[in-house]
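Enquirer: no sequence for this one, just the structure:
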Ligand code: PEP
Ligand code: MN
C-alpha cells in the first residue's frame, strides 16, 4: 500500500501581503493558489494580511507567487507548528470569554476551588473571589485524579452548580473536560471555557472534539510535554477552525521533588515570543503548596503571562482535593494586593 499524502493540511508557506495591498490583490493570490490545486487560508490582521498555503509543496513554486501584485514576501515555514506561530500571525491574539479578554496588557485572574464540592462551597467561593477582583471562576466537576480512590468530582451536579454560581455572580466559568461523552453536558450548561488538563494535553480526539464545540479552550501543558508538543496540541485546535485558545503553563516534572512541579517561566517567555496565543500560568499546581503561590504568580506576570489561574477555597483544610495548595480568601486578597502593586510599578495597568 502506498502512502498517500493528499490529505496533509499543513501550511508550508506564508504569503505576506504589502500593507498597501488591496483585498482584490489578496483574492488574486488566493485564486492562484487554488488554480494550482492547493488551498489558501487568509488571515486579515491589523498589521498585515497573510495567506497560508496548504497542500502539496511541489505544486506551486514560491518564486511564482512572489511576483503577484501586492505580495511583500514569502515565508517558508520550517517549524512543525504553523497556525500558532508568530510567523503566521505576528500580532497577539485576543481570546474573549464573555466580557473577559485574554491577550491584552491587563492580566486575567481566574480563581476558584480545585473541585466543586457543594452549593454552599461554590457559591461562597464565587462571591468571595469576585469581591476580591477575580474575573472568572474555576472549579472542576469531572476531576482527573491520580488515584481512583480520590474524589472524582460532582459530575453533572458540579456543572449545574457552576452555572448557578455564574448566574449569581456574573463570572464566566471554566471547567475541565475529561471525556468526549460529557460534551453534551458542557453544551447543556453553556460552559464558557473548556479546560483541557495536563493529563489530556495529547488526547487528540478529545482536543479535536472540544475544539469543534467552538467554545474557548484553556489548554494546560502536559507535565512532561516539550514546548513543541504543547504548541502542536494547540495547533490541533486551530486546525479545527477554533482560534480561541489560551495556553496555560502549570509546571513540569523535573528531578526536583521539594515542590509539586517546576513552573517553567523559560518556556512561558519563549512561547510569548514564538506564538501569538495568550498564555496564563497556574502557580497552584506548580507549587503544590499555598505559601509559594503568590511569589510564583508575581514571577509569571512579570514574565509576561496574560493571567493567572489560582485555587482558592473557603475552607482549605476541608477541601476534597488540592487543599494543600489552595489559598484562603485572606491569602488571595494579599496576593491580589501584591499583584496590583507590581502592576503599578510596571506601569501596565
Ligand atoms: C486542575 O486545574 O485542577 C488540574 C487538574 O490541573 P492540571 O491538569 O494542570 O493538573
Ligand atoms: Mn487542582
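Expert: Good, I have the coordinates. All figures in this text were calculated on a predicted structure; none of them were measured in a lab. Ligands and ions are numbered 1, 2, ... in the order given.
Enquirer: with adjacent residues omitted, what lies nearest to residue 193?
Expert: Excluding its sequence neighbours, the residue lying closest to residue 193 (C-beta to C-beta, 6 or more residues apart in numbering) is residue 174, at 4.0 Å. Placement of C-beta: from N, CA and C, glycine included.
Enquirer: bridging residues for that neighbour?
Expert: Note on residue 174: beta-bridge partners by DSSP bridges are residue 138, residue 193.
Enquirer: so who does it touch?
Expert: Listed by C-beta atoms under 8 Å, 6 or more residues apart in numbering, the contact partners of residue 174 are 97, 110, 136-138, 191-195, 218, 309.
Enquirer: of those residues, closest to ligand 2?
Expert: Nearest to ligand 2, judged by C-beta to the ion, of the contacts of residue 174 is residue 138 at 9.0 Å.
Enquirer: and the closest one, how far is that from ligand 1?
Expert: Using C-beta to the nearest ligand atom, to the nearest Å, one gets 7 Å for the distance from residue 138 to ligand 1.
Enquirer: same check on residue 317?
Expert: Look at residue 317 and ligand 1: by C-beta to the nearest ligand atom, they are 18 Å apart.
Enquirer: could you look up the SS state of that residue?
Expert: Taking DSSP: H, G, I helix; E, B strand; the rest coil as the rule, one finds residue 317 in the helix state.
Enquirer: tell me the phi and psi of the residue lying closest to it once chain neighbours are set aside?
Expert: Of all residues not flanking residue 317 in the chain, residue 323 sits nearest, at 6.1 Å (C-beta to C-beta, 6+ apart). The phi and psi values for residue 323, taken as degrees, to the nearest 10, are phi -60, psi -30.
Enquirer: show me the contacts for residue 323.
Expert: 313, 316-317.
Enquirer: just the buried ones among those residues, please.
Expert: By neighbour count, with 16 or more other C-beta atoms under 10 Å, the contacts of residue 323 hold 313, 316 as buried.
Enquirer: could you dump the contacts of residue 323 into TSV and include pLDDT?
Expert: Formatted as TSV, those follow (pLDDT from 0 to 100):
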residue	pLDDT
313	98
316	98
317	97
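Enquirer: burial measure for the nearest residue to residue 156 once chain neighbours are set aside, as a count.
Expert: Nearest non-adjacent residue to residue 156, counting by C-beta to C-beta, 6+ apart: residue 185, 5.6 Å away. By other C-beta atoms under 10 Å, 18 other residues sit near residue 185.
Enquirer: go on, the one 5 residues further on?
Expert: For residue 190, the count of nearby residues is 11 (other C-beta under 10 Å).
Enquirer: contacts only, for the residue nearest to it when sequence neighbours are not counted.
Expert: Using C-beta to C-beta, 6+ apart and skipping residues adjacent in sequence, the residue nearest residue 190 is residue 163, 6.9 Å away. By C-beta under 8 Å, 6+ apart, residue 163 lies in contact with 173, 189-190.
Enquirer: now do the SS call for residue 163.
Expert: Per three-state DSSP, residue 163 ends up helix.
Enquirer: what's the local residue count around residue 12?
Expert: 18.
Enquirer: doesn't it lie inside a helix?
Expert: No. Looking at residue 12 with three-state DSSP, it is strand, so not inside a helix.
Enquirer: how near is it to ligand 2?
Expert: Between residue 12 and ligand 2 the computed distance is 40 Å (C-beta to the ion, to the nearest Å).
Enquirer: where are the low-confidence patches of the protein?
Expert: Scanning the chain for pLDDT under 70 picks out 1-9, 343-349.
Enquirer: neighbours around whichever residue of the chain sits closest to ligand 1, how many?
Expert: Of all residues in the chain, the one sitting closest to ligand 1 is residue 197 (3.0 Å; C-beta to the nearest ligand atom). Other residues near residue 197 come to 24 when the count uses other C-beta under 10 Å.
Enquirer: for it, what are its contacts?
Expert: Each residue near residue 197 by C-beta under 8 Å, 6+ apart is listed here: 144, 176, 178, 220.
Enquirer: give me the number of residues near the first one?
Expert: Other residues within reach of residue 144, judged by other C-beta under 10 Å, total 14.
Enquirer: now for it: which residues touch it?
Expert: Neighbours of residue 144 in contact, by C-beta under 8 Å, 6+ apart: 176, 178, 197, 199-200.
Enquirer: again, only this time at 6 Å
Expert: Contacts were defined as C-beta atoms under 6 Å, 6 or more residues apart in numbering; by that measure residue 144 touches 178, 197, 199.
Enquirer: also the second one?
Expert: Applying C-beta under 6 Å, 6+ apart, one finds that residue 176 lies in contact with 140, 195, 197.
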